[in-house]
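Novice: Sharing a model prediction with you, sequence too.
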Amino acid sequence: MEDIALLPSQIEFLAEDTTITVVPNFKMESLIFLSGEYGPFVPSFPIDIPLWLAISLKKKKKCVITPPDWMTYNKLKIKYEEENYIKDGFVELPENFIEISSLLLANCPDDIKDINKVRGIIQNILTRREYKLEESFKSHLESLAEGESVTTMEFKNFSMMEINKIRPSYVSGINNLNRIQNSDNVNNNNNNSQSQSSSNVSSRSLFSKK
């Protein structure tokens, strides 16, 4: 069966089920959806609801969103320093790190302290991880023996969104490399066959002479 990758929008849609804390500024009984029941809502009393509902209420100016504990500049800076320190592999990030941070930065910038610094350090983390991935891939290629095909590469602590982003170009590159290697092998086999054939003709000619 062909392996079908999810689109970025589909990955983000799944991440929107993540629970997040909001502080409502309205009073209402519980809201009932197919995914569950959320509420009741009482002004100034924090409540945990899905991210998609939090964003909907935020757009209506019905709540303040409390960012996750990990989404502060100081904690993100520690992650960035760890990412730089680890040479082989990647630092473990919170689940749905890219999706949640992107959604919150876009929809509730006024609820995020030091938003410009937070946005910048998140981009630094992702840029560093992309660079390390490229270097890992280059190192893997250089370690291959001549004619050896590229097989599976395993990366721990890499998110679904990150894999989705690099997958098309890397898979295409690996396939093209394998085609080139296979073509070289075919050419080498043909050259060897031609050489062997010429050798046989020469041998027959040599032994036929008197």
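Specialist: Here it is on my side, so go on.

Novice: For the rest of this, base every contact and every neighbour count on C-alpha atoms.
Specialist: Noted.

Novice: Kindly indicate whether V91 is helix, strand or coil.
Specialist: coil (DSSP: H, G, I helix; E, B strand; the rest coil).

Novice: measure it to V22 for me?
Specialist: 29 Å (Cα to Cα, to the nearest Å).

Novice: ok, the two, which is more surrounded?
Specialist: Neighbours per residue (other Cα atoms under 10 Å) separate V91 from V22, with V22 holding more: 26 against 20.

Novice: The nearest residue to that one once chain neighbours are set aside in helix, strand or coil?
Specialist: Spatial nearest neighbour of V22, chain neighbours left out: I65 (4.4 Å); criterion: Cα to Cα, 6 or more residues apart in numbering. Three-state call for I65 (three-state DSSP): strand.

Novice: For I65, list the residues it contacts.
Specialist: Listed by Cα atoms under 8 Å, 6 or more residues apart in numbering, the contact set of I65 reads I20, T21, V22, V23, A54, K58, C108, D111.

Novice: Counting neighbours, what do you get for the residue nearest to N84 when sequence neighbours are not counted?
Specialist: Among residues not flanking N84 along the chain, R128 sits closest, at 7.5 Å (Cα to Cα, 6+ apart). Applying other Cα under 10 Å, we find 15 residues neighbouring R128.

Novice: Same question for I125.
Specialist: 20.

Novice: what about the residue nearest to the spatial centre of the chain, distance to Y80?
Specialist: Nearest residue to the geometric centre of the chain (Cα atoms, centre = their mean): E162, 1.0 Å. According to Cα to Cα, E162 stands 16 Å off from Y80.

Novice: And Q10, by the same measure?
Specialist: 27 Å.

Novice: Compare neighbour counts for these two and give me the winner.
Specialist: Y80 (20 against 12).

Novice: my guess is that one meets I125, correct?
Specialist: Yes: at 5.4 Å, Y80 and I125 qualify as touching, with contact defined as Cα atoms under 8 Å.

Novice: what's the neighbour count on K132?
Specialist: Neighbour tally, K132, other Cα under 10 Å: 19.

Novice: dump the residue contacts of it.
Specialist: K87.

Novice: Run the chain-centre distance for the host helix or strand of it.
Specialist: K132 is part of helix 115-143, with elements assigned from DSSP states H and E. Using Cα atoms, centre = their mean, to the nearest Å, the distance from the centre of helix 115-143 to the centre of the chain it belongs to is 11 Å.
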